[in-house]
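# I would like the atomic coordinates for the input below:
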Amino acid sequence: MSWTAQAENLVSTGMVSSAVIFGQDGVKWGGTEGFDPKPEEIRLILNSLDDEQAAALLPKHGVTIDGMKYTYLRRDPGHSIVAKSKSGGCVISKTSKSVIIGTFKNPISVSQCVCEVEKLVDYLVSMQL
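The predicted model follows:
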């Protein structure tokens, strides 16, 4: 399985503009061309997914991915974060071994992007990834 191909498949749905997959250790597994979140951004995201103190900072500071700042909308502890910007948003979702990040641009809606990212998450969970 090519991780870059999985990210490209997300984008091919038309509901995700860019995507990347990281391991829980913060190592990039694959992603779409030109989308390259920084290690520090990934570390903060991983902490915010699992740590309540880190998550408490999300409403004030938002989420930054690949240099783009997003306003925090919601979090499912230990599983996902959803955030929005003026021109789109991002969906971050975690499995036991990976983190999938999908971004979208208007007119794609948050729910459309969430649906596609969660389909990949469900698949990875079924494969124990």
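# Now the residue nearest the centre of the chain: which helix or strand?
With distances taken as CA atoms, centre = their mean, residue 101 lies nearest the centre of the chain, 2.0 Å away. Under the criterion of DSSP states H and E, residue 101 resides in strand 98-105.
# What does the pLDDT read for residue 1?
Residue 1 is assigned 67 on the pLDDT scale.
# wait, I meant residue 127
At residue 127, pLDDT is 92.
# and residue 36, what are its phi and psi?
With angles defined as degrees, to the nearest 10, residue 36 sits at phi -140, psi 80.
# which stretches of the chain aren't confidently modelled?
1 (pLDDT under 70).
# sorry, back to before: now for the residue nearest to the centre of the chain: which residues touch it?
Residue 101 makes contact with 19-22, 37, 45, 65, 90-92 under the criterion CB atoms under 8 Å, 6 or more residues apart in numbering. Using the backbone N, CA and C atoms, a C-beta is placed for each residue, glycine as well.
# Then residue 81?
Residues counted as contacts of residue 81 (CB under 8 Å, 6+ apart) are 45, 48-49, 58, 63, 72, 74-75, 91-92.
# Is it bridged to anything, and to what?
Judged by DSSP bridges, the bridge partners of residue 81 are residue 75, residue 92.
# follow-up on the earlier one: flag every buried residue along the strand holding residue 101.
98-104 (16 or more other CB atoms under 10 Å).
# Any figure for the gap between the residue nearest to the centre of the chain and residue 50?
16 Å (CB to CB, to the nearest Å).
# now do residue 122
For residue 122, the distance to residue 50 (CB to CB) stands at 20 Å.
# What ranges does this structure have for its strands?
Secondary structure of the chain by DSSP state E: the strands cover 18-23, 28-31, 63-65, 68-76, 80-85, 88-94, 98-105.
# who's in contact with the shortest one?
With CB under 8 Å, 6+ apart as the test, strand 63-65 has contacts from 37, 41, 44-45, 48, 69-70, 72, 81, 83, 90, 92, 101, 103.
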